[in-house]
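[1] Build the 3D model from these lines:
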Amino acid sequence: MTELDYIAAIRDNATALVDAAERAGLDAPVPSCPDWAVTDLLEHIGVVHRWAKMCCDREPSAPFLASRQAGIEAPADAAARPDWVREGATGLADTLAGRAPDDACWTWAPPSTTGFWRRRQAHETAVHRVDAQLAAGAAEPVEAALAADGIDEYLELLPKMRWRKEKGEGAGETIHFHCTDVEGEWLLRLEPDGLEVERAHAKGNAAARGAASALLCWILGRGPMDALEVFGDSDLLERWRESATF
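    So this is what the prediction gives:
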């Protein structure tokens, strides 16, 4: 994968997220997150940024801490939340910029370094920027190299998410994803004991190919399948996406 400036991605997408939130209005629904209004989206990203910053100061051996357990409260006045999100994003980005990527800290999956948080929060912020822009009317694509890296990270982390309920993924079915605008191909094997992912060009029982942003957004439930070229068992693709929740 191309080397990326994750800290710049956090800053830029956070700015675009808040700008879109203010255009949409705090009470506007978020189409890609049906249970949320924009104010809920701002609460979520503001908490997550502060939690990630907190995690950079925790020892790698510290106990598991979910963002909702961190005791971080959004302003009760919803009108204060845009500035609160700006402050949180700046604090996180500044903290990450002041640490080397291989500095040890607590993470919920390997590697236990601040580099994990650089990458994770770049993608977290980008996808929620898409959410905010969808609430405002239309979303700009995620930059292609960042989007391809986002797919790679998501597929890498998916089997490591301890809170997922699914114990088995399938009976050996295969799915192939292929970015058409930048480098990026993956073969997924849905085995009874879990998901296996290989970076490879191969045929699968189902395949989806398209621009990296369109592929990422579909995988994450932020875009339609008809933005992609689909081959083989489209029902398998839909079943996998429904179960592959973050």
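
[2] phi, psi of residue 77?
    Recorded main-chain torsions at residue 77 are phi -80, psi 110, according to degrees, to the nearest 10.

[3] Tally up the residues packed near it, please.
    Applying the criterion other CB atoms under 10 Å, we find 8 residues in the vicinity of residue 77. Using the backbone N, CA and C atoms, a C-beta is placed for each residue, glycine as well.

[4] for the one 5 residues further on, same thing?
    By the other CB under 10 Å criterion, the neighbourhood of residue 82 contains 20 residues.

[5] Quick one: list the elements packing against the helix of greatest length in the chain.
    Of all the segments assigned as helix in the chain under DSSP state H, the longest by residue count is helix 114-136. Helices and strands touching helix 114-136, by 3 or more CB pairs under 8 Å, 6 or more residues apart in numbering; DSSP states H and E, are helix 6-24, helix 38-55, helix 81-97, helix 144-157.

[6] Low-confidence ranges, the protein, go.
    1-2, 162-168, 246 (pLDDT under 70).

[7] measure stretch 192-201 end to end?
    23 Å (CA to CA, to the nearest Å).

[8] which parts of it are buried?
    By 16 or more other CB atoms under 10 Å, the buried positions in stretch 192-201 come out as 195, 197.

[9] which residues touch that stretch?
    For stretch 192-201, contacts defined as CB atoms under 8 Å, 6 or more residues apart in numbering pick out 152, 155-156, 158-159, 167-172, 178, 185-189, 244.

[10] For PyMOL, write the selection for the buried entries among the residues you listed.
    Applying 16+ other CB under 10 Å to the contacts of stretch 192-201 leaves a buried subset, and the PyMOL line that selects it is:
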select buried, resi 152+155+158+169+170+178+185+186+187+188+189+244
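
[11] Out of the contacts of stretch 192-201, which sit inside strands?
    With strands taken from DSSP state E, the overlap with these comprises 178, 185, 186, 187, 188, 189.

[12] Settle this for me: the second one is touching residue 178, isn't it.
    Just to be clear, that refers to residue 185. Yes: Residue 185 lies in contact with residue 178 (CB atoms under 8 Å); the separation is 4.9 Å.

[13] Could you chop the chain up by domain?
    The record's domain parsing of the chain by automatic domain parsing lists 6-140, 166-243.

[14] residues in contact with residue 234?
    By CB under 8 Å, 6+ apart, the neighbours of residue 234 are 206, 225.

[15] got it, and the one 4 residues further on?
    Listed by CB under 8 Å, 6+ apart, the contact partners of residue 238 are residue 225.

[16] Mind checking what secondary structure it has?
    At residue 238 the chain is in helix, as set by DSSP: H, G, I helix; E, B strand; the rest coil.

[17] now residue 196
    Applying three-state DSSP to residue 196 yields a three-state assignment of strand.

[18] circling back to that earlier point, got JSON lines for the ones in strands among the contacts of stretch 192-201, with distance to residue 111 too?
    Output for those, formatted as JSON lines (distance: CB to CB, whole Å):
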{"residue": "178", "distance to residue 111": "27"}
{"residue": "185", "distance to residue 111": "24"}
{"residue": "186", "distance to residue 111": "20"}
{"residue": "187", "distance to residue 111": "24"}
{"residue": "188", "distance to residue 111": "22"}
{"residue": "189", "distance to residue 111": "24"}
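
[19] and of those residues, the nearest to residue 102?
    Comparing the ones in strands among the contacts of stretch 192-201 against residue 102 with CB to CB places residue 186 closest, at 25.6 Å.

[20] Quick check: bridge partners of the closest one?
    Per DSSP bridges, residues listed as beta-bridge partners of residue 186: residue 177.

[21] and of the domains of the chain, who's closest to residue 147?
    Among the domains of the chain, the nearest to residue 147 by CB to CB is domain 166-243 (3.8 Å).

[22] No further queries at this time; thank you.
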